[in-house]
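Novice: Below is the sequence, then the predicted model.
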2 protein chains.
Amino acid sequence: MQTVRKDIHNSDIPLLCQSCEARHQGICGSLTPEQLVAVSKSTRRVRRAPGEELMADAEPIASFANVLRGVVKLTKVLEDGRQQVVGLQFAPDLLGRPFATESRVSAEAASEVDLCLIPKSVLESMLTESAPLERRVMLQALRELDEARDWMVTLGRKSAAEKVASFLYLIATHIDPTDEGEVTTFDLPLSRADIGDFLGLTIETVSRQMTRLKADGVIEIHNYRHVTVPDLARLRLRCG
Amino acid sequence: MQTVRKDIHNSDIPLLCQSCEARHQGICGSLTPEQLVAVSKSTRRVRRAPGEELMADAEPIASFANVLRGVVKLTKVLEDGRQQVVGLQFAPDLLGRPFATESRVSAEAASEVDLCLIPKSVLESMLTESAPLERRVMLQALRELDEARDWMVTLGRKSAAEKVASFLYLIATHIDPTDEGEVTTFDLPLSRADIGDFLGLTIETVSRQMTRLKADGVIEIHNYRHVTVPDLARLRLRCG
DNA sequence: CGAGAAATTGACTCTCGTCAAGATGTGTGG
DNA sequence: CCACACATCTTGACGAGAGTCAATTTCTCG
């Protein structure tokens, strides 16, 4: 539950929202302080462990969620079990498909994630009332469409080596953590199996290509998950 | 140029819009007759031959366009020339990326197409004025996102045989022309090379898989482009 | 320290890409 | 109306890249 100022006429923004990423770059950035106070009564912060399912394919959607921390993977599966990761969501993305009665993907926490849940009905009525909010949501949809199309090129036309390099480059440029100059270090939010499902490859092929990149000095690998990229430009060259 | 009723206070819709597909299912369906009259002063109908470029990657966008007839392919290319088709647009889709200064894909007429051009500035200011229009555009973006993600599964996880079947199924269900019961007949809007670029395959592989489907009686091929599907359900089974 | 999961590595197979003819269809000019 | 040229598509032979199957190694966590 949210902690809100007693006086709702006070236009200060709710305490919890003040330090929230979504407040700034996320969809909440398009709301007035008053709207933020109103909506914060219906929202709820939750933490989810890696592997937890957040939304199931073909299931009715009860809530949307702002991703506040961590990485969420969106997947689709064929009848026979073949799986494809169709998108990754980072903070401060909005999770959930507006105006659909049911989800067309499943969403799963890839790392530990913090979410800010907002009931479907609340968000959808706010969309109708707030043009800036609707605009912001549309812009996210358009950005996701651009990303999906970029990834289609990777899936359709790149070699296994280029696919793995492209994935590492994507993560390196989206996590941007301890970056000292050109050196980038991060923890992969996905297992080898998930990376394979993202790239349309098998675990073994992903592993072999990672080993190769390591042997070529393009990346360093510590503990499977922890990766250092000494020179992003050099990794970029491997992306095809 | 549009033919418009002289009396702009008359709320009848413009003559050309009356018979227009976009007026009904397309984005113009969200406009009032008055708005339609206003916008029709800026629009222009054009015809484009197959192969003509409609919009170039990384080029500034001057106009949007409603697709009124035919098929438009959206493509991306890698530096070394490898190409990927990232989307197909049918009537009454809106062509062009709102709120981007430049296109991130190239658009090319796949068949002969009729377009209704509308200047970028006109559409964008209308988007701000008309919430129903903005809603309609957002819904199209969300639908395209769903389609892109469906296609990512095809690109990443299906065999060549399943890819070709999936493509034929897509076309058969989007062109829906002379359909007598379950029998569907149509002209492929794409060459073998384009189909290969859509599926992440070579022309040779596309050709071999088509031959196989023909040999198995799933499709009939006349004159390369003209295809008959006697039983859509049977084709569906081949899609994986 | 030991058990189990996750990742790596190796040997082999098979699908799909490459290269090279050959076939089919379309359009032009005599 | 036919002959020729050019595009597009099909077919075949071959090889490379990624998948499959099976150990083996490395990490994580009781």
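Specialist: Everything's here; your move. Note that the coordinates shown come from a computational prediction; the quantities given were computed from them, not determined experimentally.

Novice: mind giving me the domain split of chain A?
Specialist: Following the assignment in automatic domain parsing, chain A carries domains at A:15-154, A:158-237.

Novice: Which one, of those domains, ends up nearest to B:R234?
Specialist: Closest to B:R234 of these, according to Cβ to Cβ: domain A:15-154, at 16.2 Å. Yep, even glycine has a C-beta here, placed from its N, CA and C like the rest.

Novice: rewinding a little: just put the domains of chain A in CSV and tack on mean pLDDT.
Specialist: Conversion of those to CSV gives the following (pLDDT from 0 to 100):
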stretch, mean pLDDT
domain A:15-154, 91
domain A:158-237, 92
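
Novice: Compare those domains and give me the one nearest B:L54.
Specialist: Short answer: domain A:15-154, nearest of the domains of chain A by Cβ to Cβ, at 16.4 Å.

Novice: Please give me every residue in contact with A:F198.
Specialist: Neighbouring residues of A:F198 by Cβ atoms under 8 Å, 6 or more residues apart in numbering or on different chains: A:73, A:84-85, A:88, A:167, A:190.

Novice: Among those residues, which one sits closest to A:P33?
Specialist: For the contacts of A:F198, the nearest to A:P33 is A:L88 (31.6 Å; Cβ to Cβ).

Novice: name the helices or strands packed onto the helix or strand hosting the closest one?
Specialist: Applying DSSP states H and E as the criterion places A:L88 in strand A:83-90. Using 3 or more Cβ pairs under 8 Å, 6 or more residues apart in numbering or on different chains; DSSP states H and E as the contact definition, the elements that strand A:83-90 packs against are strand A:71-77, helix A:131-157, helix A:160-175, helix A:192-199, helix B:131-157.

Novice: ok, back up a step: looking at the contacts of A:F198, spot the one nearest B:A38.
Specialist: A:L88 (42.1 Å).

Novice: Neighbours of the closest one, how many?
Specialist: By the criterion of other Cβ atoms under 10 Å in any protein chain shown, A:L88 has 21 neighbours.

Novice: Just grab the bridge partners of the closest residue to A:L170 other than its chain neighbours for me.
Specialist: Closest residue to A:L170 apart from its sequence neighbours, by Cβ to Cβ, 6 or more residues apart in numbering or on different chains: A:L88 at 7.9 Å. As for beta bridges, A:L88 partners with A:K73 under DSSP bridges.

Novice: Now for A:L88: which residues touch it?
Specialist: A:71-74, A:110, A:170, A:174, A:189, A:198 are the contacts of A:L88 under Cβ under 8 Å, 6+ apart.

Novice: Would you mind measuring from it to B:D216?
Specialist: Relative to B:D216, A:L88 is positioned 38 Å away (Cβ to Cβ, to the nearest Å).

Novice: Out of the helices and strands packed on strand A:83-90, which is closest to DNA strand C?
Specialist: Closest to DNA strand C of those, according to Cβ to the nearest atom of the strand: helix A:192-199, at 3.6 Å.

Novice: Quickly check: the closest one near DNA strand D or not.
Specialist: No. Shown here: helix A:192-199 not in contact with DNA strand D (Cβ under 7 Å from any atom of the strand), separated by at least 7.5 Å.

Novice: angle of that helix against helix A:131-157?
Specialist: Orientation check (axes from the mean of the first three to the mean of the last three Cα atoms, to 10 degrees): helix A:192-199 against helix A:131-157 gives 100 degrees.

Novice: Go through helix A:192-199 and flag the buried ones.
Specialist: A:192, A:194-199 (16 or more other Cβ atoms under 10 Å in any protein chain shown).

Novice: try stretch A:123-137
Specialist: Per 16+ other Cβ under 10 Å, stretch A:123-137 contains these buried residues: A:123, A:126-127, A:130, A:133-137.

Novice: Can you sort out which of the residues you listed also neighbour chain B?
Specialist: A:134-135, A:137 (Cβ under 8 Å from any Cβ of the partner chain).

Novice: Does A:R97 belong to a helix, a strand or coil?
Specialist: coil (DSSP: H, G, I helix; E, B strand; the rest coil).

Novice: Now for the residue nearest to it when sequence neighbours are not counted: which residues touch it?
Specialist: Among residues not flanking A:R97 along the chain, A:S103 sits closest, at 6.0 Å (Cβ to Cβ, 6+ apart). A:S103 makes contact with A:55-59, A:61, A:96-97, according to Cβ under 8 Å, 6+ apart.

Novice: Please apply the same query to A:T211.
Specialist: Contacts of A:T211 by Cβ under 8 Å, 6+ apart: none found.

Novice: and it, how far is that from chain B?
Specialist: 22 Å (Cβ to the nearest Cβ, to the nearest Å).

Novice: which secondary structure element contains that residue?
Specialist: helix A:203-215.

Novice: Over to A:E108?
Specialist: strand A:106-109.

Novice: Residues touching that strand, excluding its own?
Specialist: Contacts for strand A:106-109 (Cβ under 8 Å, 6+ apart): A:48-57, A:70-77, A:89, A:95.

Novice: redo that, cut-off 7 Å
Specialist: Contact partners of strand A:106-109, identified using Cβ atoms under 7 Å, 6 or more residues apart in numbering or on different chains, comprise A:48-57, A:70, A:72-75, A:95.

Novice: returning to what we had before: point out the one among the domains of chain A that comes closest to B:Y224.
Specialist: Using Cβ to Cβ, the domains of chain A put domain A:15-154 closest to B:Y224, at 25.9 Å.

Novice: if you look at that closest one, does any of it touch DNA strand C?
Specialist: No. Judged by Cβ under 7 Å from any atom of the strand, domain A:15-154 makes no contact with DNA strand C; its nearest approach is 8.1 Å.

Novice: first vs last residue of that domain, how far apart are they?
Specialist: 42 Å (Cα to Cα, to the nearest Å).

Novice: In chain A, which residue is most central in space?
Specialist: A:Q89 (1.1 Å; Cα atoms, centre = their mean).

Novice: I'd like the distance between A:S130 and B:P132.
Specialist: Applying Cβ to Cβ to A:S130 and B:P132 gives a distance of 15 Å.

Novice: next one: A:S30
Specialist: Counting by Cβ to Cβ, the gap from A:S30 to B:P132 is 19 Å.

Novice: Just give me the closest of the ones next to chain B among the buried residues of stretch A:123-137 to A:N223.
Specialist: Out of those, the member with the shortest distance to A:N223 (by Cβ to Cβ) is A:V137, at 38.2 Å.

Novice: partners of the strand holding A:E108 in the sheet?
Specialist: strand A:53-55 (antiparallel), strand A:71-77 (antiparallel).

Novice: Run a quick check on A:F167 versus A:D197, I expect a contact.
Specialist: No. Taking contacts as Cβ atoms under 7 Å, A:F167 lies outside contact range of A:D197: 11.1 Å.

Novice: What residues are bridge-paired with A:H222?
Specialist: A:H226.

Novice: Look at it and say how many residues are nearby.
Specialist: If we define neighbours as other Cβ under 10 Å, then A:H222 has 10 of them.
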